[in-house]
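In: Return a 3D structure for these sequence lines:
(one chain, ligands or ions: 1)
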Amino acid sequence: MPPIAPETATPKSAALEIDGLIAGYGQTRILEGVGLTVPAGGRLAVLGRNGVGKTTLMATLVGQTTRHAGTIRLGGRDITGLDSARRAAAGLGYVPQTRDVFRMLTVEENLITGLKGGPRDRIETAYALFPRLKERRRNGAGNLSGGEQQMLSVARALLGEPAVLLLDEPLEGLAPVICDQLMEALTGLSMTVILVEQQIDRALEFCRDLVILDRGRVVHSGPAAAARDDHALLERHLGVALMA
Ligand SMILES: Nc1ncnc2c1ncn2[C@@H]1O[C@H](COP(=O)(O)OP(=O)(O)OP(=O)(O)O)[C@@H](O)[C@H]1O
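Out: Got it, this is the predicted structure:
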């Protein structure tokens, strides 16, 4: 296999365009023709009830499922044929629902693995974003709290300087005050973000646009601000109504 060429001049953010995506696990199809576009620097919330295919969409974007049809373009470049490592090198960052940390390594060692050959002093940017990680730099990642592990998982992804960041339920299981800290850190970022989140109010506040998935298809897309006030829409597709 040829070596993975470092991407020269990876843009700070890039558009992501998905067209006609049919994918799943082996012959089992979960996504039934998903299409969506996020402009460079845009933020898209992906919402939907349990089991509709949100995680499968994220995993498909990073090349971890079986794709049957459709295309994925990053910054105008067709990345559909690239494997996971090359998609990451092309600028896709992924924070999976499972929190992507090496439990046997220290916090700092985890961060070093996120550098992907970039300069070591870049780690200070992660510590500036999450000061708690600096305090715990010599601790084993397996001993961190859930919130600290999530910060570490996000920080690792950010150190790769992705043009598009995919976040799968980053707030799951975290105390409200930790959710506040994490969302505040994410708010300052400039790259394109796709956010899967069950905390609908926070997702709609953070993102400019949203799509709602149901049974592997996009059943609604539009501005997040309008959806916040559309109680009928949220109740129909998500079974919830936000407090005024
Ligand atoms: N590895 C797998 N192999 C086979 N089927 C899977 C696999 N992972 C998920 N599925 C199935 O794919 C469907 C969609 O699951 P997915 O995790 O993408 O949904 P989701 O919208 O992210 O749900 P949740 O909100 O509960 O996380 C479900 O029916 C699930 O059982």
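
In: What count of nearby residues applies to the closest residue in space to residue 76 that isn't next to it in sequence?
Out: In space, and not counting its chain neighbours, residue 76 is closest to residue 15: 7.0 Å by CB to CB, 6 or more residues apart in numbering. Where you see a C-beta, it was placed from the backbone N, CA and C, and this is true even at glycine. Other residues lying near residue 15 total 18 when counted by other CB atoms under 10 Å.

In: Close to the ligand: what parts of the chain are there?
Out: Selection of the chain residues close to the ligand by CB under 6 Å from any ligand atom yields 25, 28, 30, 48, 50, 51, 52, 53, 54, 55, 56.

In: got JSON lines for these, with secondary structure, distance to residue 216 and pLDDT too?
Out: Shown next, in JSON lines, are these (DSSP: H, G, I helix; E, B strand; the rest coil; distance: CB to CB, whole Å; pLDDT from 0 to 100):
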{"residue": "25", "secondary structure": "strand", "distance to residue 216": "12", "pLDDT": "97"}
{"residue": "28", "secondary structure": "strand", "distance to residue 216": "11", "pLDDT": "96"}
{"residue": "30", "secondary structure": "strand", "distance to residue 216": "5", "pLDDT": "98"}
{"residue": "48", "secondary structure": "coil", "distance to residue 216": "10", "pLDDT": "95"}
{"residue": "50", "secondary structure": "coil", "distance to residue 216": "13", "pLDDT": "93"}
{"residue": "51", "secondary structure": "coil", "distance to residue 216": "10", "pLDDT": "94"}
{"residue": "52", "secondary structure": "coil", "distance to residue 216": "7", "pLDDT": "96"}
{"residue": "53", "secondary structure": "coil", "distance to residue 216": "5", "pLDDT": "97"}
{"residue": "54", "secondary structure": "helix", "distance to residue 216": "10", "pLDDT": "97"}
{"residue": "55", "secondary structure": "helix", "distance to residue 216": "12", "pLDDT": "97"}
{"residue": "56", "secondary structure": "helix", "distance to residue 216": "8", "pLDDT": "97"}
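
In: Can you say which of these are buried?
Out: 30, 48, 52, 53, 54, 55, 56 (16 or more other CB atoms under 10 Å).

In: Check whether the fifth one really touches residue 44, as I assumed.
Out: No: when contacts are counted by CB atoms under 8 Å, residue 54 is not listed as touching residue 44 (11.8 Å).
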